[in-house]
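[1] Show me how the following folds:
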Amino acid sequence: MVISFLKKDNLKLGIILGLIGPILGLVIMYFLKYSSIGFFEFLDMFINSNRLITSIGSLCLLTNAVLFTLYLNTHRDNTAKGIFATTLIYGISILVLKIFN
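    Take a look at the predicted model:
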């Protein structure tokens, strides 16, 4: 059932996947490199460090790049548009966070 849901070509699905992708990337990065500290302490460190905003933020957006490429190559363009739009929003948010930090 889940697999058939992911095969749809739908803008809403792309937005949902685009929102979940970087969050999943952030959680994976936490478990791979920062699991020795608490998750909320990690988030605080991420938000307040320009170096981490750049490096971890870029890696988190990489998950959306993979999703975008997958959906684009399988000709599900509406889903790819949703992923791309949320990637832009995340990217702009990271840039604003970095500038005003």
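[2] contacts and neighbour counts: CA atoms only from here.
    Noted.
[3] check which helix or strand covers the residue nearest the centre of the chain.
    Taking CA atoms, centre = their mean, the centroid of the chain lies closest to residue 22, which sits 1.7 Å from it. Here residue 22, judged by DSSP states H and E, is contained in helix 11-33.
[4] Can you identify the element that follows that helix toward the C-terminus?
    Later in the chain than helix 11-33, the nearest helix or strand by DSSP H and E is helix 39-48.
[5] Show me which residues of that next one are buried.
    For helix 39-48, burial by neighbour count (16 or more other CA atoms under 10 Å) applies to 46, 47.
[6] tell me the angle of it relative to helix 11-33?
    100 degrees (axes from the mean of the first three to the mean of the last three CA atoms, to 10 degrees).
[7] Mind giving me the packing neighbours of helix 39-48?
    helix 50-73 (3 or more CA pairs under 8 Å, 6 or more residues apart in numbering; DSSP states H and E).
[8] Now do the same for the very next helix or strand once past the helix it packs on: mean pLDDT, whole number.
    Counting by DSSP H and E, the element after helix 50-73 in chain order, helix or strand, is helix 77-99. For helix 77-99, mean pLDDT rounds to 93.
[9] Now helix 77-99: buried residues?
    So helix 77-99, judged by 16+ other CA under 10 Å, has buried residues 77-87, 90-91, 94-95, 97-98.
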